[in-house]
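Colleague: Next one to model:
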Amino acid sequence: MSNRRYAMQSLWTELVALNFQIDPAVLQTYLPPGLQLDYFNDETYVSLIAVHLRNVRIWGLPMPITRGFQHVALRYYVRRRVGEEYRQGFCTIKSFVPSRFAAWVLHVVFKTEFSHTWMRSQVSGFGSPNESEVPTVDYQWKYQAETNRLRVRARHRLQRGGTDSKMNFILNKDYRYVVSRGTTLEYQVEWTPWTVWDAGHANFQCDSKSMFGAAFGKYLSRRPVSVYIGEQSTVNLFRPNAI
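Modeller: Just a heads-up that it's a prediction; the model follows:
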């Protein structure tokens with residue numbers, strides 16, 4: 001398939017998802033036109049996502065950030081009815097990257113704001129041939145001069161869940177939705193399956209009230225209901241369609 005059909009291509013080498021239950025009434029005010037909230041076992045969720053993107057290509061052209069860049073975001077889950085099927089996807093509340101250039105490029109691609117902030121990460125155990133070594137991730141970033149930190153250590157590798165598993169509901173989404181000038185844009189997502197672990201230890205220190213707003217800070221201050229660590233997925237997004 002021609003690269004020209006993609007808005008963005010990338011390799012996500014490691015990912016952490018901290019997942020929190022949330023009152024659906026909080027999310028309703030953010031819901032784009034044409035979409036519904038998506039539920040898992042009658043519950044709605046937000047996820048704090050930390051991921052490293054490498055080998056990024058924009059509209060088929062390589063992005064000149066040789067080592068890639070980190071990305072921290074808060075997202076929630078939606079669906080769109082098309083005929084007799086539902087398309088499951090996600091929307092983002094707010095996104096952060098460590099490069100002004102990356103923030104500008106992603107704003108152009110996704111028609112939505114990406115905030116620039118200092119950020120760094122350290123990881124180990126990914127791709128290790130030693131089965132006793134599990135992945136660990138340590139993310140740090142700043143917001144309003146405060147340092148936030150996410151430290152996660154994997155416990156054990158999970159079996160690939162079925163389509164009705166919580167892991168699949170959180171990690172495997174075929175669409176991303178954004179609103180640009182009052183119009184909802186749909187980006188189809190093409191991805192390869194993750195290798196996934198759950199967390200044996202997770203430490204999350206974040207001024208989530210300042211970063212994402214008081215309504216979300218209330219829920220992100222609680223213990224996450226699940227924590228997933230994903231290793232290496234090729235994630236490509238097609239050029240968007242207005243719905």
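Colleague: Mind picking out the helix or strand in this structure with the poorest mean pLDDT?
Modeller: Lowest on mean pLDDT, DSSP states H and E among the helices and strands of the chain sits strand 61-62, with a mean of 89.
Colleague: packing partners for that strand?
Modeller: Contacts defined by 3 or more CB pairs under 8 Å, 6 or more residues apart in numbering; DSSP states H and E place strand 61-62 against no helix or strand at all. Bear in mind the C-beta positions are built from the backbone N, C-alpha and C, glycine included.
Colleague: S128: neighbouring residues, count only.
Modeller: Residues lying near S128 (other CB atoms under 10 Å) number 11.
Colleague: what is the mean pLDDT for the helix or strand S47 falls within?
Modeller: Using DSSP states H and E, S47 falls within strand 44-58. In this model, strand 44-58 carries a mean pLDDT of 95.
Colleague: Strand partners (parallel or antiparallel) of that strand?
Modeller: Strand pairing for strand 44-58, using DSSP bridges, gives strand 6-22 (antiparallel), strand 61-62 (antiparallel), strand 69-82 (antiparallel).
Colleague: hey, least reliable of those by pLDDT?
Modeller: Among these, strand 61-62 carries the lowest mean pLDDT (a mean of 89).
Colleague: quick one: it to chain centroid distance?
Modeller: Centroid separation between strand 61-62 and its chain, computed with CA atoms, centre = their mean, to the nearest Å, is 22 Å.
Colleague: Same check on stretch 139-150?
Modeller: Per CA atoms, centre = their mean, the centroid offset for stretch 139-150 relative to its chain is 18 Å.
Colleague: Quick one: end-to-end length of it, please.
Modeller: End-to-end span of stretch 139-150 (CA to CA, to the nearest Å): 5 Å.
Colleague: Just give the nearest non-adjacent residue to the residue nearest to the spatial centre of the chain, would you?
Modeller: The structure's the chain has its C-alpha centroid closest to I49; by CA atoms, centre = their mean the separation is 4.4 Å. Closest residue to I49 apart from its sequence neighbours, by CB to CB, 6 or more residues apart in numbering: A73 at 5.0 Å.
Colleague: mind listing what that neighbour touches?
Modeller: 48-49, 92-96 (CB atoms under 8 Å, 6 or more residues apart in numbering).
Colleague: let's see it at 7 Å
Modeller: By CB atoms under 7 Å, 6 or more residues apart in numbering, the residues touching A73 are 49, 92, 94-96.
Colleague: and which of the residues you listed is nearest to G127?
Modeller: I49 (20.5 Å; CB to CB).
Colleague: how close does the residue nearest to K111 when sequence neighbours are not counted sit to T112?
Modeller: Nearest residue to K111 in three dimensions, chain neighbours excluded: S180, at 3.5 Å (CB to CB, 6+ apart). For S180, the distance to T112 (CB to CB, to the nearest Å) stands at 7 Å.
Colleague: before we move on, what about Q70?
Modeller: 18 Å.
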